[in-house]
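Visitor: could you work out the structure for the sequence below:
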Amino acid sequence: MRRAVLGIEIPVLCHAPQMAPVGVCRVCTVDVAGAAYCKPRCIRPAEEAWSVQTSSERVRKARATLVELLLAEHPTPCIRHAATHDCELETLAAREGVNRVALRPAPGPARVGRLVGHHPRRPLRLHPL
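Guide: Below you'll find the model as predicted:
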């Protein structure tokens, strides 16, 4: 889905018109001049004298990474896309040029340093000293 703001189209996945924006997917990210990182447009109201870019190289790279992260946990093609070609994530991935997923979930438990254990299906667990 794309939303037009002042005639500029910005992709969104987690926002539905009948709901309040939540900023979960972050694919609506924009580049605000002077900001250290890209900002999600859906939860950040415009401010006076803002200089915003919606398709800079920084935005394209950030958006491609975000879409790739979302696709890592998404079956491709998903049932919806296979049946109707109407999967918003897969459509956005094609539009943004993300045609492969370099990231895959870890196959099982892993140790992350001496104190943190990680299992892809469970929350992070801190080990006592």
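Visitor: could you give me the buried positions within the longest helix along the chain?
Guide: Secondary structure assigned by DSSP state H gives helix 57-72 as the longest helix of the chain. Within helix 57-72, the residues that qualify as buried by neighbour count (16 or more other Cβ atoms under 10 Å) are 59, 62-63, 66-68, 70-71. Yep, even glycine has a C-beta here, placed from its N, CA and C like the rest.
Visitor: including pLDDT and distance to residue 29, could those go into a markdown table?
Guide: Below are these laid out as a markdown table (pLDDT from 0 to 100; distance: Cβ to Cβ, whole Å):
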| residue | pLDDT | distance to residue 29 |
| --- | --- | --- |
| 59 | 93 | 6 |
| 62 | 93 | 5 |
| 63 | 92 | 6 |
| 66 | 91 | 7 |
| 67 | 91 | 11 |
| 68 | 89 | 14 |
| 70 | 88 | 13 |
| 71 | 87 | 16 |
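Visitor: reformat those residues into TSV and put distance to residue 53 next to each item.
Guide: Converted to TSV, these look like this (distance: Cβ to Cβ, whole Å):
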residue	distance to residue 53
59	6
62	11
63	12
66	16
67	18
68	21
70	22
71	24
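Visitor: still on that earlier bit, by contact count, what packs against the longest helix of the chain?
Guide: Using 3 or more Cβ pairs under 8 Å, 6 or more residues apart in numbering; DSSP states H and E, the elements in contact with helix 57-72 are strand 29-32, helix 88-96.
Visitor: buried residues in the last one?
Guide: Taking 16+ other Cβ under 10 Å as the basis for neighbour counts, the residues of helix 88-96 that come out buried are 88-90, 92-93, 96.
Visitor: ok so, going back, and the longest helix of the chain with helix 88-96, angle?
Guide: 140 degrees (axes from the mean of the first three to the mean of the last three Cα atoms, to 10 degrees).
Visitor: and the helix or strand following helix 57-72, what's buried?
Guide: Where DSSP states H and E defines the elements, the next helix or strand beyond helix 57-72 is helix 79-84. Using 16+ other Cβ under 10 Å as the test for burial, helix 79-84 gives residue 81.
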